[in-house]
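Asker: need coordinates for the below:
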Amino acid sequence: MSRRVRKAVFPVAGMGTRFLPATKTMAKEMLPVVDKPLIQYAVEEAAAAGIDHFIFITGRGKSVLMDHFDHMPELEALLKERGKTDVLENLLGSMPSPGKVFSTRQQQPLGLGHAVWCARAFIGDEPFAVLLPDDLVLADTPCIKQLIDAHAQTGGNVVAVEDVPRERTNKYGILDVVEDNGTLARAKGLVEKPDSDKAPSTLAIIGRYVLDPGIFDLLENQNRGAGGEIQLTDAMNAQIKDVPFHGLRYEGARYDCGDKVGFLQANIAFALERPDMRDAVKAVLADFAKTI
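Answerer: Down below sits the predicted model:
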C-alpha cells in the first residue's frame, strides 16, 4: 500500500509566448476559462483529490498567482456591502487554508524536470502529484484523483496517458508498453517527443503525474535531454529499473490550453457544462454554424 499523496506541484514559470500579446504582462495561468483562471481549475482539481499542500514553481512576473489565492479585503468588503454573498462565498471557497500554499522560483527556464526538482525541499520523502495547468481536464472524477487511486495500488510513478495519432508522437513523451489491460499500461521505458517512425507506441503522457520521491535523486544530476532542457521523462525513464511505471488512460476530456484553438474549445466545453450558460451558448453556436 502506497503512502497517501498530500502534496501537489504546479510548474507555472513559463512565459506563455504562444498567447502574446495577451500574456505580455499577464501570467498565462491566469487566462480565464469562462470565469476562472487556469491555475484555479488546477488547484481545485488537486483539492478535490485530497491534496492539502500546494507548491507553485514560479518565475519573474508570476506573483499574481500567489495573490489570486490570498484575501483581497477591499473587494471582499465591497461584495459584502452590496449583498453579493453568493459571489463572496464562491471567492473565499476557492482559497486553500492558511499555511498550505508555497512558492519557489525556477530562476532559469531549464525544462519541466528542473521545475519539479525545484520543489524537492517542500516534498521531502513522500509521493507527490504534478499538475500542468495548460492541460485542462473535464471529468466526473478529477483526473489527478484517478491517478492517485491507481498509485495506491501500483506505487512507483503513474502518469495520465491518451492515445494520439502517430504523426503527433513528436509532441509528447511516449510510453514503451509491456502490458496493457486497456486502462492501465505498464511501461519498460519512455521516449521524449520521438518521430513517428521511431515511437514505441502512440500512448502519450499528458500533464498529470504522481511521482515517487526518488525522482529527485535523478533530477539532481541536471542532465539535459531533448531541446537542451532537463526532461522529467528522462528521469522517469531512468527510474524504471527501481520503481514500477504505469500510464493510466484517464476518464474525461482534455483540452490543451497552451494552444489557442484548444483554449477556445475549453471555454466552449466548460460553458456548456454550466446550467446558467448552456442554452445561451448553444444558441450562439447554432448561429455561428449557420454562417460556416
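Asker: residue contacts, the residue lying closest to R254 once chain neighbours are set aside?
Answerer: Spatial nearest neighbour of R254, chain neighbours left out: V137 (5.0 Å); criterion: CB to CB, 6 or more residues apart in numbering. In short, each C-beta sits where N, CA and C put it, glycine included. Residues in contact with V137 (CB atoms under 8 Å, 6 or more residues apart in numbering) are E45, C143, A160, I206, R208, Y250, G252, A253, R254, Y255.
Asker: which of the residues you listed are buried?
Answerer: By neighbour count, with 16 or more other CB atoms under 10 Å, those hold E45, C143, A160, I206, R208, Y250, R254, Y255 as buried.
Asker: from those residues, which land in strands?
Answerer: A160, I206, R208, R254, Y255 (DSSP state E).
Asker: what about T23, how many residues close to it?
Answerer: Counted with other CB atoms under 10 Å, the neighbours of T23 add up to 18.
Asker: and E162, by the same measure?
Answerer: E162: 17 neighbours (other CB under 10 Å).
Asker: same check, this time on F288
Answerer: F288 has 9 neighbours, counted by other CB under 10 Å.
Asker: same check, this time on E251
Answerer: Summarising burial for E251: neighbours were counted as other CB under 10 Å, giving 12.
Asker: tell me how far it lies from Q146.
Answerer: E251 sits at a distance of 7 Å from Q146 (criterion: CB to CB, to the nearest Å).
Asker: which residues are in contact with each of these two?
Answerer: Residues touching both E251 and Q146 (CB under 8 Å, 6+ apart) are A139.
Asker: sorry, back to before: make TSV from the buried ones among the contacts of V137 and add pLDDT and distance to I215 to it.
Answerer: Converted to TSV, the buried ones among the contacts of V137 look like this (pLDDT from 0 to 100; distance: CB to CB, whole Å):
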residue	pLDDT	distance to I215
E45	97	21
C143	97	20
A160	97	16
I206	94	18
R208	96	15
Y250	96	21
R254	96	23
Y255	97	27
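Asker: which one of those is nearest L285?
Answerer: Y255 (16.2 Å; CB to CB).
Asker: doesn't L138 make contact with that closest one?
Answerer: Yes: the pair Y255 and L138 qualifies as a contact (CB atoms under 8 Å) at a distance of 7.2 Å.
Asker: who touches both of the two?
Answerer: Common contacts of Y255 and L138 (CB under 8 Å, 6+ apart): A266, A269.
Asker: helix, strand or coil: sort out the residue nearest to R254 for me.
Answerer: What DSSP: H, G, I helix; E, B strand; the rest coil gives for V137 is strand.
Asker: let's have the chain start at 792 instead
Answerer: That works, and once the first residue is 792, the last one we named lands at V928.
Asker: against R1065, how distant is it?
Answerer: Distance from V928 to R1065, by CB to CB: 17 Å.
Asker: just the helices in the stretch 942-1083 of the chain please.
Answerer: Here the stretch 942-1083 of the chain has its helices, by DSSP state H, counting those that start in this stretch, at 1006-1010, 1023-1030, 1051-1063, 1069-1082.
Asker: closest one to K853 among those helices?
Answerer: Smallest distance to K853 across these (CB to CB): 18.9 Å, for helix 1051-1063.
Asker: what's that closest one packed up against?
Answerer: Contact partners of helix 1051-1063 among helices and strands, from 3 or more CB pairs under 8 Å, 6 or more residues apart in numbering; DSSP states H and E: strand 823-824, strand 926-929, strand 1044-1047, helix 1069-1082.
Asker: CA atoms only: put it into PDB for me.
Answerer: The C-alpha trace of helix 1051-1063 is given here as PDB (Å, rounded to 0.1, in the frame of the first residue of the first chain):
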ATOM      1  CA  LYS A1051      -5.200  28.900 -29.000                       C
ATOM      2  CA  VAL A1052      -7.700  26.500 -30.600                       C
ATOM      3  CA  GLY A1053      -7.600  24.200 -27.600                       C
ATOM      4  CA  PHE A1054      -8.200  27.200 -25.300                       C
ATOM      5  CA  LEU A1055     -11.200  28.100 -27.300                       C
ATOM      6  CA  GLN A1056     -12.500  24.500 -27.100                       C
ATOM      7  CA  ALA A1057     -12.100  24.500 -23.400                       C
ATOM      8  CA  ASN A1058     -14.100  27.700 -23.000                       C
ATOM      9  CA  ILE A1059     -17.000  26.200 -25.100                       C
ATOM     10  CA  ALA A1060     -16.900  22.900 -23.300                       C
ATOM     11  CA  PHE A1061     -16.900  24.300 -19.800                       C
ATOM     12  CA  ALA A1062     -19.500  26.900 -20.700                       C
ATOM     13  CA  LEU A1063     -21.800  24.100 -21.900                       C
END
